[in-house]
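# coordinates for the following, if possible.
(chains A and B)
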Protein chains: 2
Amino acid sequence: MAQLTRIEIRAPYLVLIGDTEDPTYAKTGYGLVHWQPERVLGQLRFPGCGADLGVPDMDIAQARALGAQSLVIGVAPAGGVIPRNWYQAIEEAARAGLDIVCGLHIRLHDLSGVVEAAKASGARLIDVRVPPSDIPVASGRKRSGYRLLTVGTDCAIGKKYAALGITRAMQAAGIPATFRATGQTGIMLAGEGIPIDSVVADFIAGAAEVLSPDNEPGHWDVIEGQGTLFHPAYSGVALGLLHGSQPDAFVVCHEATRTRVSGWEEYTLPSVGECIERHLELGRRTNPGIRCVGVSVNTSGLLPAERETWLADLAQETGLPCIDPLIDGCDRIVEGIQTTYGVRAP
Amino acid sequence: MAQLTRIEIRAPYLVLIGDTEDPTYAKTGYGLVHWQPERVLGQLRFPGCGADLGVPDMDIAQARALGAQSLVIGVAPAGGVIPRNWYQAIEEAARAGLDIVCGLHIRLHDLSGVVEAAKASGARLIDVRVPPSDIPVASGRKRSGYRLLTVGTDCAIGKKYAALGITRAMQAAGIPATFRATGQTGIMLAGEGIPIDSVVADFIAGAAEVLSPDNEPGHWDVIEGQGTLFHPAYSGVALGLLHGSQPDAFVVCHEATRTRVSGWEEYTLPSVGECIERHLELGRRTNPGIRCVGVSVNTSGLLPAERETWLADLAQETGLPCIDPLIDGCDRIVEGIQTTYGVRAP
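Numbering: from 1, shown residues only, chains lettered A, B, ... in the order given. Next comes the predicted model:
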């Protein structure tokens, strides 16, 4: 039976975001700083960088002197490739004895300069985005326990954030819950998971089944969504994950002011309502009882005065709890789940 | 820029179907015999085989004596894995100097016994299901020329057959058309293509874009569908292919008497109407002009007397040409396309 990808990263980290112009692509770095700030020492940026993780800037020598154990590549650009000019910094870090942690489609073990530098210093090379080798074809069999999947109107729109927030809110409410990571940042945070977009296409749904096996009745697996059904490049990942997860419940993630697909600007975003409808329609295929249980909205683009009205209107339209997880937390979504599924704190 | 997977297979072939019980899984063998009978010398079966390709049975020595150049593995079981007891026959064929052609997820180059035998005899090992290495993420950009995708209510339901039939009917009508192969059998027949279900999940739609590049106005790429949106295991492949192909037109493939997903019997098949609706709804995302242009039905399970009524009822319900390609050919679908798209024989 296929196992999850398991990793162990030595803290504290220096996070490399280089000369990333669009902060959206530095989401791995932001995720690490937000969810595990105690493990992040600083950031390594190059001239022209448009992102700022809000932690001290430092170079490799400084980080080493302050006790850094790992250099974590903190970006997730489209296609998973980083610019050639970053390799020099990665090699330097490996030479200085920092473990290198990479969640991109490129593999550290394929970069001969990095491999050599790591060999000389004894640094470890950790490729997070390597799926297990023996993932089965999905069986379609119903599994025990509950599952919640976070989905989105776009990529990089808060699916990981919502899944982590809901998991913590469930645990705080006494509901047994496990965060199930499907992307590089989630796996770095959880220490295990399956990089679902790196799986061979025939095995996407099978990977989702392995990720979230049978569990106790009343236990929730909260599965991090990937891609979106509406994406011109990544919809296949999203549908395979939806069908293999067989979610009982899903939460739609959205950004209040985003109207176009990030990086594919000729494509408009679907409405939240359309996103809900499409997931119900397709999700019923493997779980006839699927429901939408809330909408998680990034409202940072709205004026503070607009925020509440915007969310109230959406709640009116959808009949669901609509929250900004950064501001409101996820408790209202979890309360709704308790009411609907009859799960209560012990 | 990524290229198609290109292969050259030396004829004539001995086709291995071993002890396959369900003829559905011998579809590669049936496809080769149907579309390129002049290249098939015979079949190699083991006791208990439930399939018959209708060509002479022979063992490896007999095939060699009759001039066979290649042993083609003629099955496509779920998950792409063959039983261990077949390896002996494959090794024997390689030892006898036959090229080995394999379109499964397993790789011949990973089978040490086969590799050694081939080395000793000079036989070639041809893994058809190896995608190009540098497939890009899909751009979503509209391409010139027309595209038709065959889709289905299930796997192994005639998508390749319909695509090949429509390509030939278009060519016979003087319409410039190219068959675009996405599966092992199609690639063996065409000599090129991309094994779309073997691509890493993030690149499914990108592979479809590479498979069917810009072409002349009025030219049709007829793209072989894979999987189905309704499949508990393979829906991700189907949606990525739909979005990346950006089809102007699609044809639904169905089997008149099939009511359950082959191999996943707890799942019922969607109706043809639901299949059309779902493809229109999702396909509009990358091609707002997408239309369904016909239904291709395997009616072999019906009594001859029922056949015409069954197809006429479906035509009435859908308003589309509904044909059995084995009996009726694909001309009526192509005539409809000529009317709709204004393409005419020169």
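# helix or strand: which one has A:Arg332?
In this structure, A:Arg332 is located in helix A:331-341 according to DSSP states H and E.
# check what pLDDT the nearest residue to A:Asn287 once chain neighbours are set aside gets.
Once flanking residues are discounted, A:Asn287 sits nearest to A:Gln246: 4.4 Å by CB to CB, 6 or more residues apart in numbering or on different chains. All C-beta spots, glycine's among them, are computed from the backbone N, C-alpha and C. In this model, A:Gln246 is scored at 98, pLDDT.
# OK, contacts around A:Gln246?
With contact taken as CB atoms under 8 Å, 6 or more residues apart in numbering or on different chains, A:Gln246 is in contact with A:Lys142, A:Arg143, A:Arg147, A:Thr286, A:Asn287.
# cutoff 10 Å now
Contacts of A:Gln246 were listed using CB atoms under 10 Å, 6 or more residues apart in numbering or on different chains, and they are A:138, A:140-143, A:147, A:149, A:205, A:208-209, A:212, A:223, A:283, A:285-290, B:232.
# and if you look at A:Val334?
Applying CB under 10 Å, 6+ apart, we find A:Val334 in contact with A:148, A:165-173, A:175, A:177, A:220, A:293-294, A:321, A:343.
# kindly report the same for A:Ala201.
A:236-237, A:240, B:131, B:195-204, B:207, B:226-227, B:234, B:236-238, B:240-241.
# my read: A:Ile73 touches A:Gly18, true?
Yes: applying CB atoms under 10 Å, one finds A:Ile73 in contact with A:Gly18, separated by 8.6 Å.
# of these two, which one has the most company?
Neighbour count, other CB atoms under 10 Å in any protein chain shown: between A:Ile73 and A:Gly18, A:Ile73 has more, with 26 against 23.
# give me the phi and psi for the more buried one.
In terms of degrees, to the nearest 10, the main-chain angles of A:Ile73 are phi -70, psi 110.
# what does A:Arg285 give?
Here is the backbone geometry of A:Arg285 (degrees, to the nearest 10): phi -60, psi -40.
# need the contact list for it.
With contacts defined as CB under 10 Å, 6+ apart, the neighbours of A:Arg285 are A:140, A:239, A:242-243, A:246, B:229-232, B:235, B:267-268, B:270, B:278.
# mind giving me the domain ranges of chain A?
The record assigns chain A these domain ranges, following automatic domain parsing: A:5-127, A:146-341.
# highest mean neighbour count out of these?
Among the domains of chain A, domain A:146-341 has the highest mean neighbour count (mean count of other CB atoms under 10 Å in any protein chain shown), at a mean of 22.
# quick one: terminal-to-terminal distance for that domain?
With CA to CA, to the nearest Å as the measure, domain A:146-341 spans 9 Å from end to end.
# quick one: that domain to chain centroid distance?
Its chain's C-alpha centre lies 10 Å from the corresponding centre of domain A:146-341 when counted by CA atoms, centre = their mean, to the nearest Å.
# so which residues on the stretch 1-150 of chain A come close to chain B?
Within the stretch 1-150 of chain A, the residues that sit near chain B (CB under 10 Å from any CB of the partner chain) are A:77-81, A:105, A:129, A:131, A:135-142.
# of those residues, which is the nearest to A:Met188?
Within these, distances to A:Met188 taken as CB to CB reach their minimum at A:Arg129, with 10.4 Å.
# how many residues are close by that closest one?
22.
# residues contacting the residue lying closest to it once chain neighbours are set aside?
For A:Arg129, the nearest residue in space outside its immediate sequence neighbours is A:Pro195; the separation is 4.3 Å by CB to CB, 6+ apart. Going by CB under 10 Å, 6+ apart, A:Pro195 touches A:5, A:80, A:103, A:105, A:127-132, A:181-184, A:186-187, A:207, A:226, B:201-202.
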